[in-house]
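**Q** one predicted model, sequence on top.
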Amino acid sequence: ETLRQQLDEKKYTFTYKENQRLHVELKNMYILIEENKDLKEELKAYKSIAHDERMKLLKEENESMKIRIGQLLERIHNLEERTNKIESKANTEQMKNLRAEMGHPDGVPQQRAFERPQTAQVELSADYEPLIG
């Protein structure tokens, strides 16, 4: 009897989920029906307009789209400029930090920063002769 009860519960769960899915699908169909009606009305209105008027409307829409594209291109250009400024500022800060880590707190390298200390230089004997010469 418990097996039969489990099977009934599974069937009920499956049926419930299927019912929910069908409700969602039905809502989507109603939305599509409304969109279809709207598109039919737009098409009917569009067909009722004379050819010259349609061309005028298309030109106006085209001009507004060109303006919008120009605005977006200008915005992209401004964003690229700001990005480049931020990157160069970050690079400058990074170089200052790197110099500070190398022992230059003011960010300006000292004259002899990369030379070996005087104690580390090799003294040459008097009988040294260079090979090139």
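**A** Right, received. Where do you want to start? Numbering: from 1, shown residues only.
**Q** residue ranges for the helices of the chain, please.
**A** 2-48, 51-101 (DSSP state H).
**Q** reformat these as a markdown table; add mean pLDDT and mean neighbour count.
**A** C-beta coordinates here come from the backbone N, C-alpha and C atoms, glycine included. Formatted as a markdown table, the entries for the helices of the chain read as follows, by pLDDT from 0 to 100; neighbours: other Cβ atoms under 10 Å:
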| stretch | mean pLDDT | mean neighbour count |
| --- | --- | --- |
| helix 2-48 | 89 | 10 |
| helix 51-101 | 90 | 10 |
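**Q** for Glu63, see how far away Lys56 is.
**A** Taking Cβ to Cβ, to the nearest Å as the measure, Lys56 falls 11 Å from Glu63.
**Q** check the offset of stretch 19-37 from the chain's centre.
**A** 34 Å (Cα atoms, centre = their mean, to the nearest Å).
**Q** also stretch 37-54?
**A** Stretch 37-54 has its average C-alpha position 38 Å from the chain's average C-alpha position, going by Cα atoms, centre = their mean.
**Q** residues making contact with it?
**A** Taking Cβ atoms under 8 Å, 6 or more residues apart in numbering as the criterion, the residues outside stretch 37-54 that touch it are Leu57.
**Q** offset the numbering so it begins at 148, please.
**A** All right, first residue 148 from here; so that's stretch 184-201.
**Q** dump the C-alpha coordinates for it into CSV.
**A** Included here for stretch 184-201 are C-alpha records, laid out as CSV according to Å, rounded to 0.1, in the frame of the first residue of the first chain:
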residue,chain,number,x,y,z
LYS,A,184,-3.1,42.6,-32.4
ASP,A,185,-0.8,45.6,-31.8
LEU,A,186,1.3,44.7,-34.8
LYS,A,187,-1.7,44.2,-37.0
GLU,A,188,-3.0,47.7,-35.9
GLU,A,189,0.4,49.2,-36.7
LEU,A,190,0.5,47.5,-40.1
LYS,A,191,-3.0,48.7,-40.9
ALA,A,192,-2.1,52.3,-39.9
TYR,A,193,1.1,52.0,-41.9
LYS,A,194,-0.7,50.8,-45.0
SER,A,195,-3.2,53.6,-44.8
ILE,A,196,-0.4,56.2,-45.0
ALA,A,197,0.5,57.4,-48.4
HIS,A,198,3.9,56.4,-49.9
ASP,A,199,5.3,59.9,-49.6
GLU,A,200,4.3,60.1,-46.0
ARG,A,201,5.9,56.7,-45.2
